[in-house]
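Undergrad: coords please:
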Amino acid sequence: MQTSHRAPGPRPPAGAARSRTALGLVLALFAACFFTLTQSPARADDQLLSRGRPATASSTESAAYPASAAVDGDPGTRWSSAFADPQWIQVDLGSVQQITHVTLAWEAAYATAYQIQTSTDARTWTTVYSTTTSTGGTQSLNVSGSGRYVRVNGTARATAYGYSLWAFDVYGPGGSTAPADDFWGSTADIPAAHNVVEVKVLNRTNGKYPDSQVYWTFNGQTHSIAEQPYLDMPANSAGRMYFHLGSPDSPYYDFIEFTVGDNVFNGNTTRVDAFGLKLAMRLHTKDGYDVEVGENRQTFAEDRATTFQRFTDAVPAPFKALAQTQAPYRIIAPGSYSGFRSGGADADYFTSYARSVGVDAATSDIFGCAASLAGNPDLCAALNRHVATLPASQQSDPARYYTAAPANYYAKFWHDNAIDHRAYGFPYDDVAGQSSFISHSNPQWLLVAVGW
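TA: Below is the predicted model:
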């Protein structure tokens with residue numbers, strides 16, 4: 001990710017850099033071994049919650065040092081930030097968890113002052129640990145708090161370089177954190193999967209349609225949930241599961257997307273193309289991981305006409321037609337609307353703003369992250385969120401998204417009405433961990449709620 005500041009001085013020559021990295025690796029390996037022998041978690045049954053989870057950061061020194069490297073379990077990889085204060089790295093645990101213990105394995109570029117913070121929405125943060133006298137190395141910290149997101153917020157560096165972590169490990173008791181309400185119903189009767197994951201489809205249309213008129217389609221099969229509410233899903237390279245209301249080919253339809261491996265589920269709800277039906281998913285795994293994504297409870301509870309009207313009321317004038325073009329069946333994405341395409345009334349909606357950061361792209365391509373932006377997810381996300389002119393360290397801060405025009409107000413609406421504000425409103429909405437994508441090994445069951 002590019003930054004708007006200059007480094008405090010030249011990096012060491014290539015040979016010196018390699019030597020520094022090699023020495024750091026040796027120290028990191030030593031520290032890792034030492035830590036393994038000496039750590040004392042808050043409780044003996046604490047689980048490592050952060051391993052392999054989605055991680056994001058305020059910046060990276062280069063593509064060789066991504067945020068994911070701090071949570072991948074490999075002591076030879078690391079995250080490294082830009083050479084400026086402040087910087088942060090955060091990990092998404094997938095659901096709200098109790099946090100009892102955090103370990104940090106710093107590279108030579110460490111923080112003298114930093115905070116450990118937790119959040120339920122990646123917007124409002126609570127500090128559970130703070131220091132201004134850190135000496136780096138491997139640090140084992142007992143903390144007490146809860147959150148879906150945990151971050152290290154560095155505010156003062158020990159060196160002229162950035163902040164760099166070989167490891168950022170978060171521990172807690174784990175276990176299911178299922179929602180307290182009855183939206184998902186009982187899960188006790190879900191049969192064990194013979195393939196990879198057992199899928200159960202739920203009718204959450206508030207009485208608009210009976211179970212006999214809520215249909216799912218996958219891999220050539222079509223059933224109402226009155227006939228067959230379950231699907232024993234096998235591994236598949238990439239797929240969609242469609243849902244229709246009223247009849248198997250009704251214009252009231254939508255879908256979820258997924259890739260299922262031999263022992264892993266990767267999937268999401270999506271608004272990239274359009275809104276068709278209210279959808280939510282809840283994934284539960286054999287190790288107790290439990291997470292939900294999709295439209296929130298308030299959106300499921302209201303009538304469809306109310307959702308359409310709220311969308312129209314919430315978005316600026318150029319976006320209002322998105323709820324009218326294919327009403328009452330769909331609210332289409334802006335990239336599909338003729339008004340934002342060449343010759344349309346708002347074809348230049350993004351033009352001036354994009355050019356201010358050196359991008360010459362059609363408005364429809366910005367909404368769709370297409371053409372020249374197809375290979376630049378960070379920049380496309382920044383344009384859609386109206387943070388492209390901000391320093392790179394601020395472009396991963398959700399509190400700054402959609403605060404001024406031009407922006408993708410279609411995407412904003414679905415984020416505002418989604419569980420934990422996570423949604424896929426445009427193709428690269430997963431930048432900075434904002435999408436409804438969920439992934440975990442050892443899947444046990446997946447619930448899919450279909451609403452009106």
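Undergrad: now the element after the helix or strand of the chain with the lowest mean pLDDT, going C-ward?
TA: In the chain, the helix or strand scored least confidently by mean pLDDT, DSSP states H and E is helix 14-38, which has a mean of 37. Where DSSP states H and E defines the elements, the next helix or strand beyond helix 14-38 is strand 47-48.
Undergrad: just checking, what packs against the helix or strand following that following strand?
TA: Counting by DSSP H and E, the next helix or strand C-terminal to strand 47-48 is strand 55-57. If you count contacts as 3 or more CB pairs under 8 Å, 6 or more residues apart in numbering; DSSP states H and E, strand 55-57 packs onto strand 87-106. All C-beta spots, glycine's among them, are computed from the backbone N, C-alpha and C.
Undergrad: can you tell me the strand partners of the strand it packs on and which way each runs?
TA: Partners of strand 87-106 in the sheet, by DSSP bridges, are strand 55-57 (antiparallel), strand 138-157 (antiparallel), strand 164-172 (antiparallel).
Undergrad: quick one: these as JSON lines, columns for mean pLDDT and distance to Glu292 too.
TA: Output for the strands paired with strand 87-106, formatted as JSON lines (pLDDT from 0 to 100; distance: least, CB to CB, whole Å):
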{"stretch": "strand 55-57", "mean pLDDT": "93", "distance to Glu292": "20"}
{"stretch": "strand 138-157", "mean pLDDT": "94", "distance to Glu292": "11"}
{"stretch": "strand 164-172", "mean pLDDT": "97", "distance to Glu292": "19"}
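Undergrad: what residue ranges in the protein score low on pLDDT?
TA: The model of the chain has pLDDT under 70 over residues 1-45, 175-180.
Undergrad: okay, now the domains of it?
TA: As assigned by automatic domain parsing, the chain contains the domains 14-172, 191-452.
Undergrad: CSV please, covering these and showing distance to Trp184 and mean neighbour count.
TA: CSV is the format used below for these (distance: least, CB to CB, whole Å; neighbours: other CB atoms under 10 Å):
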stretch, distance to Trp184, mean neighbour count
domain 14-172, 13, 19
domain 191-452, 6, 19
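Undergrad: indicate which one of those domains is closest to Asp181.
TA: domain 191-452 (6.9 Å; CB to CB).
Undergrad: what's the end-to-end length of that closest one?
TA: End-to-end distance of domain 191-452 (CA to CA, to the nearest Å): 27 Å.
Undergrad: hang on, the earlier thing: would you convert the domains of the chain into CSV that also reports distance to Gly185?
TA: Shown next, in CSV, are the domains of the chain (distance: least, CB to CB, whole Å):
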stretch, distance to Gly185
domain 14-172, 18
domain 191-452, 7
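Undergrad: to Asp182, which of these lies closest?
TA: Here domain 191-452 is closest among the domains of the chain (CB to CB), at 10.6 Å.
Undergrad: out of the strands paired with strand 87-106, nearest to Ile89?
TA: Closest to Ile89 of the strands paired with strand 87-106 is strand 55-57 (CB to CB; 4.3 Å).
Undergrad: ok so, going back, could the strands paired with strand 87-106 go into TSV alongside distance to Trp216?
TA: Output for those, formatted as TSV (distance: least, CB to CB, whole Å):
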stretch	distance to Trp216
strand 55-57	33
strand 138-157	29
strand 164-172	35
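Undergrad: beta-bridge partners for Ser441, please?
TA: Beta bridges link Ser441 to Val264, judged by DSSP bridges.
Undergrad: closest one to Asp46 among the strands paired with strand 87-106?
TA: Evaluated with CB to CB, these place strand 164-172 nearest to Asp46, the distance being 4.3 Å.
Undergrad: isn't there a helix covering Ile366?
TA: Yes - applying DSSP: H, G, I helix; E, B strand; the rest coil, one finds Ile366 inside a helix.
Undergrad: ok, now which ones touch it?
TA: Phe350, Ala354, Val359, Leu373, Cys380, Leu383, Asn384 (CB atoms under 8 Å, 6 or more residues apart in numbering).
Undergrad: repeat the analysis, applying 7 Å as the threshold.
TA: Taking CB atoms under 7 Å, 6 or more residues apart in numbering as the criterion, Ile366 is in contact with Phe350, Ala354, Leu373, Cys380, Leu383, Asn384.
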